[in-house]
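Q: Build me a structure from this.
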Amino acid sequence: MKTKTKKPSASETLDKIKKYVMIAAKQNGKDASQVTIAEFYDTCGDEINEWTLRKLGGFSAIMKAYFPIAEKDLALIEESKEYSKYINKLERRVGSKELFENTLAEAVKANLAPLPKIKVKSYKAPKGKAVEREIVVMLNDTHYGLIVDPDEVGSVNKFGWKEACRRTALIIKETLEYKLHARDQVSRVHLLLNGDLISGVIHNLSGKTQDLAVHQVNGAVHILTYAIAELAKEFKEVQISGICGNHEDFPHKREGGRAIQEKYDSFANLIFYSLSVAFRNSKHVTFNFPKTPYAFLDLPGGRTLLAHGDTVFSKSLGNPGRQINVESISKEIKKFNAGEILKGKSPVKLLLLGHVHTFAHFITDDGVEVYIAPSLSGTDGYAHSLTINTNSTGQVVFESTEKFVMGDARLIRVTQADEDKELDNIIPTFTKQLKF
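A: I've put the predicted structure just below:
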């Protein structure tokens, strides 16, 4: 027995017609009153035919009854026409261009023979001894404990414990990320502490431009302990070499001028001793703190001399911010090397300096490289009084190989670290506590 299918009522059919009109309007981006019968049939398919529409009065009658023509926005219509003209013109232009390009491509294919396939050989590391690399990072003229009020220096610089910690952290971060592709060839990293680590108690003693000496020393130990710990996590061997600058002089040792004897009797060696105690159980962390106002490094590329620049080489160095006398410092290095050779030592091939807060890098006439790094602390009141109205800050990291005592070198501009809170994860800001 066949079941009769119930036919939809006229009102149900009318609802379907209205629904398909609305769908057609949406698909064609127009008002429902503007839908054509062709657009309606494209939407409803075979579900609604012409005979069904006639029984309900015809498509036009339905549209007039349920979708009366709205008041036309003539300006909008005119704008739409202009858009249509532009699109048609653009399509013709693109079509012509594509036709030309396709025709040209076919002509090229038909008349030119294909190029032979280029075979690229896969890279193979050269056989033989691997390159030995050592990384050197130098901290000089950090002046931990110095306070620079930006309002006093024309807003060219600001320096306190936050900036000191973050700028040093940036140096360590850059060192950890330096030439990662060759890290497996690095046997040792050197951290050079090249003088003026703290602001000291030698200038402006009545002003508030530096913290108490105890905070300066403790703050330096705080910062450098975190720095060495980060390096020790990454490198097979960490060697710290340190010498004293003029800002670490004890006031009673200056005798109205710069200390030139027993230079090691200074605040710097309080810091150095504390660091050696902190890492006394770390077998791959070693220390080199000589009594001389300079220190030697045996790098893969040759013997290197670390000197602050306030005593030895100070006269020949002068002030590179005004003038560099290459001939004078060349003679001074030759004289120094002559003494080393008489002692049966190798001559110095690289001289690392600080003190003058100026960047310079040059090679003397007998091939000795001289590198002078700027400061970490930047322009202070004293520098500003000398009409220094810029803030040249930076520290150096480089690699040494058998071929190059100072190979690829990077001067790290440190003021970019001042507002980077992420660097606090490497070295937290020192808060003047009296215990670590």
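
Q: okay, now Phe250: neighbour count?
A: 16 (other Cβ atoms under 10 Å). Any C-beta I mention is one placed from the backbone N, CA and C, and that applies to glycine too.

Q: Could you do Phe359 as well?
A: What Phe359 shows, counting by other Cβ under 10 Å, is a neighbour count of 17.

Q: Give me the distance between it and Gly394.
A: 6 Å (Cβ to Cβ, to the nearest Å).

Q: shared neighbours, these two?
A: 373-374, 411 (Cβ atoms under 8 Å, 6 or more residues apart in numbering).

Q: and the residues you listed, which of them are in strands?
A: Leu411 (DSSP state E).

Q: buried stuff in the helix or strand encompassing Ile17?
A: Ile17 is part of helix 10-28, with elements assigned from DSSP states H and E. Residues 13-14, 17, 20-21, 23-25 are the ones in helix 10-28 that count as buried (16 or more other Cβ atoms under 10 Å).

Q: For burial, what's the neighbour tally of Ala295?
A: For Ala295, using other Cβ under 10 Å, the count is 19.

Q: which strands and helices sit next to the one helix or strand it maps to?
A: Using DSSP H and E, Ala295 sits within strand 294-299. Under the contact definition 3 or more Cβ pairs under 8 Å, 6 or more residues apart in numbering; DSSP states H and E, strand 294-299 sits against strand 133-139, strand 186-194, strand 238-243, strand 302-307.

Q: what's the nearest residue to Asp408 if we skip its chain neighbours?
A: Glu399 (5.6 Å; Cβ to Cβ, 6 or more residues apart in numbering).

Q: Give me the secondary structure label for the one you found.
A: strand (DSSP: H, G, I helix; E, B strand; the rest coil).

Q: Just the pLDDT for it.
A: Glu399 carries a pLDDT value of 96.

Q: Could you measure from it over to Ala360?
A: In terms of Cβ to Cβ, Glu399 sits 20 Å off from Ala360.

Q: ditto for Ile17
A: Distance from Ile17 to Ala360, by Cβ to Cβ: 87 Å.

Q: do the same with His222
A: Relative to Ala360, and taking Cβ to Cβ, His222 is found at 31 Å.

Q: can you give me the strands for this protein?
A: 133-139, 186-194, 238-243, 285-288, 294-299, 302-307, 348-353, 360-363, 369-372, 395-400, 409-412.

Q: What residues sit buried inside the fifth one?
A: Within strand 294-299, the residues that count as buried by 16+ other Cβ under 10 Å are 294-297, 299.

Q: which residues sit in contact with Glu47?
A: Taking Cβ under 8 Å, 6+ apart as the test, what Glu47 contacts is 16, 20.

Q: What does it show for phi and psi?
A: Dihedral angles of Glu47 (phi, psi; degrees, to the nearest 10) stand at phi -70, psi -30.

Q: pLDDT wise, what is it at?
A: 85.

Q: low pLDDT regions in the stretch 301-436 of the chain?
A: Applying pLDDT under 70 to the stretch 301-436 of the chain flags residues 320-321.

Q: Could you measure from Pro290 over to Leu297?
A: 11 Å.

Q: scratch that, Glu91 is what I was asking about
A: 71 Å.

Q: Run a quick neighbour tally on Glu234.
A: Neighbours around Glu234, by other Cβ under 10 Å: 15.

Q: Excluding residues flanking it in the chain, which one is nearest it?
A: Leu176 (5.5 Å).

Q: show me the contacts for the one you found.
A: Counting by Cβ under 8 Å, 6+ apart, Leu176 has contacts 230-231, 234.

Q: if we can go back for a sec, more neighbours: Glu399 and Ala360, which one.
A: Higher neighbour count among Glu399 and Ala360: Glu399, with 24 against 16, using other Cβ under 10 Å.

Q: Quickly list what that one is bridged to.
A: Ile135 (DSSP bridges).

Q: hang on, isn't it packed against Gly301?
A: No: Glu399 lies out of contact with Gly301 (Cβ atoms under 8 Å); the separation is 9.2 Å.

Q: The strand holding Ala295 to strand 302-307, inter-axis angle?
A: 150 degrees (axes from the mean of the first three to the mean of the last three Cα atoms, to 10 degrees).

Q: what about the helices in the stretch 251-400 of the chain?
A: Using DSSP state H, counting those that start in this stretch, the helices of the stretch 251-400 of the chain run over residues 251-254, 267-278, 314-317, 326-342, 381-385.

Q: Out of these, the one nearest Val214 is which?
A: Val214 lies closest to helix 267-278 among these, at 10.1 Å (Cβ to Cβ).

Q: contacts for the closest one?
A: 193, 195, 197-198, 200, 213, 216-217, 220-221, 224-225, 228, 240, 242-245, 248-250, 287, 289.
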